[in-house]
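> Quick one: sequence and predicted model below, then my questions.
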Amino acid sequence: MSLTTSPADFEQLFESAPISLWLEDYSALKTLFDTWRAEGVADFAAHMRQSPARLAQCSSCFRVLKVNQKTLQVFAAASQQELVEHLPEVFRDDMFESLVSELNHLWLGRLEFSNQTVNYALDGRRMDVQIHVRVLQGHEATWDRVMVSLEDITPQVNAQHELSRSERYARDLFEHSPVSLWVEDFSAVKGLLDEARGQGIQDFRVFISVHPEFVTRCMEKIRVLDVNQQTLRMFAATSKDELLGNLDSVFRGEMVASFAEQLYDLWHGKTVQMREIVNYSLSGELINVHMQFAVLAGHEAQWDRVLVSLVDITARKKAEAYLEYLGRHDSLTRLGNRAFYVEELNRLSRKGPWPLSVLAIDLNGLKRVNDQEGHAAGDALLRRAGEVLTSATEGQPVCVARIGGDEFVVLMPGCDERVATALMERIQSTVELNNQFYPGQRLSMAIGWAVCHASGQIEAILNQADQAMFAAKDRYYQDHQTDRRRP
């Protein structure tokens, strides 16, 4: 049985096709092209740009023979006649470049080609369209029968544009974030952890303590895919290549220990983490960092996309350290304060070492200086006392504190009577040296000391050191034939 098709069948196929079809006559265009060639035109695109009117001349050569129903629907035309009469409204505005490109295909003898361009419906809608042009078989010499198919791809183009805008937006958020951002690939790290698990490792902390080189191997397997601009500023890098080429300078020292903790959390499935770590800039400066680490959604199986954000908290750490210093030190003498002294005394009473020597120290004549010359002069004398005690105890494992107005204590763990006596003599000689550099009021200290050999004796020897200091103070006032004035 043979199947035959009639012209009516082809007519029906043309009319009911689901895409816009145009049957056109380009013979006038071919005649125009032949004329231009005879006149010596070689570069068609350049010829068009020399005179935009030539494009209109080409457009006038197109003759629409027939369009199908889909074409009328796409272009919002009630009839072929209405569509043809309004073709200048269909082909306009931003079509110049695409139309020149289409015509250039024909100029070069390509009788079949595809192109993306812009058309306009009669209701004013702008449409992105994909066209396919073909000079029909048997009409290659005259171009009097050309089939043009057209597909409205506006939704796809809009979706692509929206995707591009979203990608640009996400990229801008990444690049210009005020936080240092790193995109990393941890898949090789996951491979090493899976390999260790496959070898029967169960206690990961014990494993890395026995094999610390495993932590280093994992660090070496991290692949940095991208960093943003804030990262370059934070790490004093001029470019991404410079930073990525010197990561060994950034992640070193204390970073190994913190990375070991990070691995421990990953081993137990914690793929979102926060911790404070230390990094280094390329200029060598230490950076205290608050790190947030997250395996991105959709990459949990491989860990091949990890986002790491770093916030520089160096200033905060310095402020915290300074506040902690102020909380445990006397601002006038820069020695430990009473809170520091009590904390150290409690610690030593629990752990020693023994013997523990204590020096109780009091300034002589401070009240007289305050009364006669003012508290500024008294504060100057206290600062000098701080200088003396700092200098005399430098390099020794002792606790020196100002515990009252003019009262000072030196705790000397692991020191016997001989060492306590030597320090007392060194303080006294340093006082004499200090007085040579400061004219005016002389600095004088009353010092008493005592030694204990067990925790239960501490309270008693503190009192014993105080009594020895008071005795020294009495001798000072007797020697100077003045009233004993203690604040």
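Okay, I see it. As the structure is a computational prediction, the values presented were derived from the model and not from experiment.

> name the element the nearest residue to residue 455 once chain neighbours are set aside belongs to?
Leaving aside its chain neighbours, residue 455 sits nearest to residue 349 (4.9 Å; criterion: CB to CB, 6 or more residues apart in numbering). (Glycine included, C-beta is placed from N, CA and C.) Here residue 349, judged by DSSP states H and E, is contained in helix 338-351.

> For that helix, the averaged confidence score.
Per-residue pLDDT values over helix 338-351 give a mean of 91.

> likewise stretch 431-445?
The pLDDT scores in stretch 431-445 average 91.

> and that stretch, which residues are buried?
Within stretch 431-445, the residues that count as buried by 16 or more other CB atoms under 10 Å are 431, 434, 435, 441, 443, 444, 445.

> Make TSV out of the residues you listed and add distance to residue 114 and secondary structure.
Below are the buried residues of stretch 431-445 laid out as TSV (distance: CB to CB, whole Å; DSSP: H, G, I helix; E, B strand; the rest coil):
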residue	distance to residue 114	secondary structure
431	99	helix
434	95	helix
435	100	helix
441	100	coil
443	98	coil
444	103	coil
445	99	strand
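
> Contacts for stretch 421-429 next, please.
357, 359, 361, 388-389, 392-393, 396, 398, 410, 412, 415, 445, 447, 449 (CB atoms under 8 Å, 6 or more residues apart in numbering).

> which ones among these are found in helices?
When helices are assigned by DSSP state H, the members of these inside them are 388, 389, 392.

> out of these, who's nearest residue 222?
Of all the ones in helices among the contacts of stretch 421-429, residue 389 has the smallest distance to residue 222: 49.9 Å, by CB to CB.

> Does the residue nearest to residue 455 touch residue 459 like I think?
No: in this structure, residue 349 is not within contact of residue 459 by CB atoms under 8 Å, at 9.3 Å.

> Name the residue in the two with the higher neighbour count.
In this view residue 349 and residue 459 are compared by other CB atoms under 10 Å, and residue 349 has more residues nearby, 16 against 11.

> Please save the CA atoms from stretch 29-43 in PDB.
These are the backbone C-alpha positions of stretch 29-43, laid out as PDB (Å, rounded to 0.1, in the frame of the first residue of the first chain):
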ATOM      1  CA  LEU A  29      16.300  41.100  -2.700                       C
ATOM      2  CA  LYS A  30      18.400  38.800  -4.900                       C
ATOM      3  CA  THR A  31      18.200  41.200  -7.800                       C
ATOM      4  CA  LEU A  32      19.300  44.100  -5.500                       C
ATOM      5  CA  PHE A  33      22.200  42.000  -4.200                       C
ATOM      6  CA  ASP A  34      23.300  41.200  -7.800                       C
ATOM      7  CA  THR A  35      23.200  44.900  -8.600                       C
ATOM      8  CA  TRP A  36      25.400  45.800  -5.700                       C
ATOM      9  CA  ARG A  37      27.900  43.000  -6.500                       C
ATOM     10  CA  ALA A  38      28.100  44.400 -10.100                       C
ATOM     11  CA  GLU A  39      28.900  47.800  -8.600                       C
ATOM     12  CA  GLY A  40      31.800  46.300  -6.700                       C
ATOM     13  CA  VAL A  41      30.400  45.900  -3.200                       C
ATOM     14  CA  ALA A  42      32.400  43.200  -1.300                       C
ATOM     15  CA  ASP A  43      31.700  43.900   2.400                       C
END
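
> how much space between residue 56 and residue 120?
As for residue 56, its distance to residue 120 is 16 Å (criterion: CB to CB, to the nearest Å).

> what's the answer for residue 477, then?
108 Å.

> Next: residue 57.
Residue 57 sits 21 Å away from residue 120, going by CB to CB.

> Neighbour count: these two, which is higher?
For residue 57 versus residue 120, the count of surrounding residues by other CB under 10 Å is larger for residue 120: 20 against 14.

> for that one, what are its contacts?
Residue 120 makes contacts with 89, 90, 91, 92, 93, 126, 127, as judged by CB under 8 Å, 6+ apart.

> Same check on residue 397?
Applying CB under 8 Å, 6+ apart, we find residue 397 in contact with 413, 414.

> Give me the neighbour count for residue 13.
12.

> what's the angle between the helix or strand hosting residue 326 and helix 338-351?
Here residue 326 sits within helix 314-328, counting by DSSP H and E. Interaxial angle, helix 314-328 versus helix 338-351 (axes from the mean of the first three to the mean of the last three CA atoms, to 10 degrees): 80 degrees.

> Could I get the full set of strands for the stretch 151-300 of the chain?
Secondary structure of the stretch 151-300 of the chain by DSSP state E, counting those that start in this stretch: the strands cover 180-185, 223-227, 272-280, 286-295.

> Distance to residue 217 and mean neighbour count for these - can I get that in TSV?
Listed next are these as TSV, based on distance: least, CB to CB, whole Å; neighbours: other CB atoms under 10 Å:
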stretch	distance to residue 217	mean neighbour count
strand 180-185	16	19
strand 223-227	14	16
strand 272-280	19	15
strand 286-295	19	18
